[in-house]
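pasting the sequence and the predicted coordinates here, then a few questions.
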Amino acid sequence: MGEAASAPAAKAPLTRALVNRRMLQLHRWLGLVLGAQVLLWLGSGFFMSLFPIEAVRGEHLRKPASEQVLSWQPGLVGADVALAAAGGPVHDARIGQMAGAPVWRLRGPEGPMLVDARTGRRLDPIGKDQARAVALAVWTGRGQPLEPVFHAKAPRESGVDGPAWRIDFGAPDRASLYVDARSGELRSVRTTLWRVYDVFWGLHIMDWSTRENFNSWWLKATSALAVLFALSGAVLLVLRALTGRFAR
C-alpha cells in the first residue's frame, strides 16, 4: 500500500481533449497579444486620420516653395570660381538665393556646399545670423525667433544628415525650423503636433527608434504570431468538428 502511494503519478495520455484544451489556451494567449497590437494599430491610425498631413508638416507656418527667376547680375562670380572654391570634386552646381543673397549651391561626394556668388567665398557651414535670416524669410506664423542653436549632428527629427541650425519660434505658433548648415536651405518645420504624430507613427509601423523601418523584427514577430493564431484557430475548428462540438 505504501509502495503504491509513493509511486509517481502516471503521465496523462495525450488525448484529443487535452490537445483541444492546450490549443485553446495557446489560441487565447495569442489572441491577447495580437489584440493589444491591433488596438495600437487602430488607435494610432485613428489619431493620424484626424489631422491633414500639411498641418502636421507645418506647411501653414512657412511660405510655399516657388520657382525663382534669377538674373545674372554684373560682378557675380562664374561657375569656374565656385568650383575652385569647393576644393574638391563637384557633380552638381546651380545658382540660387539664400535669404535674398545670390549663392552657388554645389554638391560633391560628401554632401552640399555653398559659395557666395558675390565674393566666391565658401559659406558652409553658415553662421547664426544667416540661419536666422533664412528662417525669417520663410516664416509666416506668429511668434518671435529665439536664439539659433547649432547642432554638429542634427537630430533625427530635422531630416538633415549633417550639421544644422535650429531656430525656435515662441508662442502662439510654437515651432522649430531646421536649416541645413551646409546648403543654407530650410529642411523642416517641427511642431508639437508633428512630434506627437511621430510617436503614433512609430507605434503604427512598430519601429520605436527611427520610425522609418517597415521591416522591423517587431513587425515580423507579430506577423508570425498572427500566422500561429490563425493555425491554432484552424486546429480548434477541426477538433471541434471531430468531437461534434462545432456548433457550440
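The structure has been received and is ready for your questions. The structure displayed is predicted, hence computed values, not measured ones.

which residues touch A181?
124-126, 131, 150, 160, 162-165 (C-beta atoms under 8 Å, 6 or more residues apart in numbering). Backbone N, C-alpha and C define where each C-beta goes, glycine included.

hmm, try it at 6 Å
Counting by C-beta atoms under 6 Å, 6 or more residues apart in numbering, A181 makes contact with 125-126, 163-165.

does anything pack onto the helix ranked longest in the chain? Which helices or strands?
Once the chain is assigned using DSSP state H, the helix that runs over the most residues is helix 16-49. Packing contacts for helix 16-49, counted by 3 or more C-beta pairs under 6 Å, 6 or more residues apart in numbering; DSSP states H and E, involve helix 192-205, helix 217-242.

can you redo those as a markdown table with mean pLDDT?
A markdown table is the format used below for the helices and strands packed on helix 16-49 (pLDDT from 0 to 100):
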| stretch | mean pLDDT |
| --- | --- |
| helix 192-205 | 92 |
| helix 217-242 | 79 |
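
can you say which of those helices is nearest to M23?
Closest of the helices and strands packed on helix 16-49 to M23 is helix 217-242, at 5.3 Å (criterion: C-beta to C-beta).

need the residue closest to the centroid of this protein.
Closest residue to the average C-alpha location of the chain: R211 at 4.3 Å, with C-alpha atoms, centre = their mean.

pull out the buried positions in stretch 106-117.
Going by neighbour count (16 or more other C-beta atoms under 10 Å), the buried part of stretch 106-117 is 106-108, 112-117.

show me those residues that map onto strands.
106-108, 112-116 (DSSP state E).

okay then, goodbye and thanks.
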